[in-house]
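Undergrad: Quick one, what's the 3D model for this:
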Amino acid sequence: MTVTGLSTTTLPLDGEVKAAVQGLRDLAAFLSTQFETQRIEIFDKENKAHPVELPTSALRLLMDILGELAIGNAVKVVPVHAELTTQEAADLLNVSRPHLVKLLEMGELPFHKTGRHRRVLFSDLMRFKDRRDQASHEAMEALAQQAQDLRLGY
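TA: Next up, the predicted model:
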């Protein structure tokens with residue numbers, strides 16, 4: 001499955017940000033993580049309530065989404081088994097497509113080909129990103145320790 005439209009992202013409008021802030025507060029106040037499912041109500045255009053039972057994990061994900069919208073970030077939901085194009089993967093890593101292709105060809109990140117096109121699994125991309133972020137964090141810690149050892153004053 002290829003996920004399309006990752007590059008067509010729009011930021012939330014002011015009204016959406018305000019609604020996200022309120023929705024996040026409301027959900028946080030009532031969400032019980034002791035149960036596998038939660039019952040909520042959705043209101044139709046006649047203001048009639050319709051009960052809906054949802055997995056608690058989905059409501060936690062909704063809270064994460066609302067949290068991002070509340071601070072003005074755009075949000076995309078991507079299934080972990082999704083296949084990304086090289087451009088979509090590069091966008092998620094915030095690198096150029098040629099740099100991503102170089103990483104693929106060097107074996108730094110697994111990929112497969114669909115015809116002539118390279119595809120990257122979202123789950124593989126996130127594992128790579130986590131490793132890269134951890135290495136970056138460790139390098140920053142080492143530099144900070146070196147600066148303290150040398151008494152550089154920062």
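Undergrad: who touches the residue nearest to V21 when sequence neighbours are not counted in this structure?
TA: Spatial nearest neighbour of V21, excluding adjacent residues (C-beta to C-beta, 6 or more residues apart in numbering): A70 at 4.4 Å. C-beta coordinates here come from the backbone N, C-alpha and C atoms, glycine included. A70 is in contact with 17, 20-21, 24, counting by C-beta atoms under 8 Å, 6 or more residues apart in numbering.
Undergrad: Determine the set of other helices and strands touching the longest helix along the chain.
TA: As assigned by DSSP state H, the longest helix anywhere in the chain is helix 122-149. Packing contacts for helix 122-149, counted by 3 or more C-beta pairs under 8 Å, 6 or more residues apart in numbering; DSSP states H and E, involve strand 83-84, helix 86-93.
Undergrad: and stretch 21-30, which residues are buried?
TA: 23-24, 27 (16 or more other C-beta atoms under 10 Å).
Undergrad: Please apply the same query to stretch 85-103.
TA: 85-86, 88-93, 100-101, 103.
Undergrad: and the end-to-end length of it?
TA: Using C-alpha to C-alpha, to the nearest Å, the end-to-end distance of stretch 85-103 comes to 14 Å.
Undergrad: Then stretch 44-64?
TA: Stretch 44-64 end-to-end distance (C-alpha to C-alpha) = 25 Å.
Undergrad: Centre of the chain to it, how far?
TA: Put simply, stretch 44-64 sits 21 Å off its chain's centre (C-alpha atoms, centre = their mean, to the nearest Å).
Undergrad: Could you tell me the average pLDDT over it, please?
TA: The average of the pLDDT scores along stretch 44-64 is 94.
Undergrad: Now tell me what touches that stretch from outside.
TA: So stretch 44-64 is in contact with 24, 27-28, 31-33, 35-43, 77, going by C-beta under 8 Å, 6+ apart.
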